[in-house]
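Q: Here is a sequence together with a model predicted from it:
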Amino acid sequence: MRRLCVFTILAILSLATMAFAQGELNLWTWEGYAPDELVAQFEAETGIKVNITYYSNNLELISKLRAAKGRGVDLVQPSVTLIPQAMDYDLYQPFDLSKLENLGNVYPSMLEDSKQLGAEIDGEIYGIPFSWGTEGIMYNTEKVTDPIDSFGAVFDEKYAGRITYRATLHSFISAGLYLGLGNRMRDIYVDEATARPILDKILAFLIEKKKLVKTYWTSRQENIDLFVQEAVWVGQGWDGTGWYLAQEGHPVKFIAPKEGALTWLDVFSLPQGSENIDNAYKWIDFTLRPEVAGKISDLGGFASAVEKSVDYISPERSALIKESFPKEAVENLWWYGIETTWWTNMMNEYIEKLKVAQ
């Protein structure tokens, strides 16, 4: 009888453990999108172990997914404009929206806009809005005394050796906007014949200005370190990075340049080889709770796609956002276009030419 009781107790404990321990979630994402504090909260609430891998850009994500054939990862967070390119290789599967209880918390306009930017293909949804933000100008307010309002600051010889930006398509676009090229740079998305003469001019300009650059940053943390160590005074970077540095007490300010801050929308997508799909849906729903979304915004530094998340961000963050984005700056945002395979191959060619140029 005693042995039977022991077996009964063990069976109950085993069932309880099984009910709580829900396996794992393999998440590939950007730095700042899965703060340790909230990962710990999710794991405590669900019993799901979250394994995080970071990537530094969208093309790296696509490359890794192709190499892994979509296996070993359950959830990723691409920029919405890269979904059509990823689907050239059939990397994602559509969402079952009925499994997302908190989808209604997303800004309705952002949900609709995301469809036009690449999230919807043949009537199926491949991207759920998570975060949006911009790339503009960051500068050290103690080292830079002249007013700054333009992307031109990162090409100004007075800051030679104290400048940073990325050797990526983003710098080509900001340089083109500064130079006033290509119908506010929309023409580079039309076709190669239209884009190449514009990009040739920008490449020549960036090569000429290369001597002014301290280094090309490749990750959020690297950009942070460059400003914290005061190795650079002026740079192109993400709004969330600038706001994070300001909240940490560093003399850094982010501004939306007059040419228009470069604007992106990042989403959740399900890889074809996802093995823990239910856990992926649970993580998405968790992050779409307003109080969680607000906390992610505060800790990571990026604006949330969840409408009521603004009720949960700190007063300090709210003040920084308002300072960086007065009404005229919001009305002047520059949205990235859909990045098709031919477009990315063309841009990679120009980026490599910039990197190897002496």
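A: That came through fine. All of these numbers come straight from a predicted model, not from anything done at the bench.
Q: Check the offset of the longest strand anywhere in the chain from the chain's centre.
A: Among the segments of the chain that qualify as a strand by DSSP state E, the longest is strand 128-140. Computed by C-alpha atoms, centre = their mean, to the nearest Å, the chain-centroid distance of strand 128-140 equals 8 Å.
Q: Quickly run through the sheet partners of that strand, with directions.
A: strand 234-238 (antiparallel), strand 252-255 (antiparallel), strand 262-268 (antiparallel), strand 303-304 (antiparallel) (DSSP bridges).
Q: hey, where'd the helices end up in the stretch 251-358 of the chain?
A: 277-287, 290-300, 315-324, 327-331, 341-356 (DSSP state H, counting those that start in this stretch).
Q: Bridged to residue 29, which residues?
A: Here residue 29, judged by DSSP bridges, has bridge partners residue 54.
Q: List the contacts of it.
A: By C-beta atoms under 8 Å, 6 or more residues apart in numbering, residue 29 lies in contact with 52-55, 76-77. Bear in mind the C-beta positions are built from the backbone N, C-alpha and C, glycine included.
Q: Report pLDDT for it.
A: As predicted, residue 29 sits at a pLDDT of 97.
Q: Where does the record place the domain boundaries for this protein?
A: Listed domain ranges for the chain are 2-132+264-318, 133-263+333-356 (source: automatic domain parsing).
Q: now the last one, how far from the chain's geometric center?
A: Going back to what we said before, that points to domain 133-263+333-356. In terms of C-alpha atoms, centre = their mean, the centre of domain 133-263+333-356 is set 15 Å apart from its chain centre.
Q: swap in the longest one?
A: Its chain's average C-alpha position is 13 Å from that of domain 2-132+264-318, according to C-alpha atoms, centre = their mean.
Q: before we move on, the earlier item: who does whatever helix or strand comes next after the longest strand of the chain pair up with?
A: The helix or strand immediately downstream of strand 128-140 is strand 163-165, counting by DSSP states H and E. According to DSSP bridges, strand 163-165 forms sheet pairs with strand 213-216 (parallel), strand 234-238 (parallel).
Q: any idea of the angle the helix or strand just after strand 163-165 forms with helix 341-356?
A: Going down the chain from strand 163-165, the next helix or strand is helix 169-179, by DSSP H and E. Interaxial angle of helix 169-179 relative to helix 341-356 (axes from the mean of the first three to the mean of the last three C-alpha atoms, to 10 degrees): 80 degrees.
Q: thinking again about what came up before, if you average pLDDT over each of the strands paired with strand 128-140, which comes out lowest?
A: strand 303-304 (a mean of 88).
Q: what's next to that one, contact-wise?
A: Residues outside strand 303-304 that contact it (C-beta under 8 Å, 6+ apart) are 130-133, 239-240, 293-294, 296-297, 310, 321.
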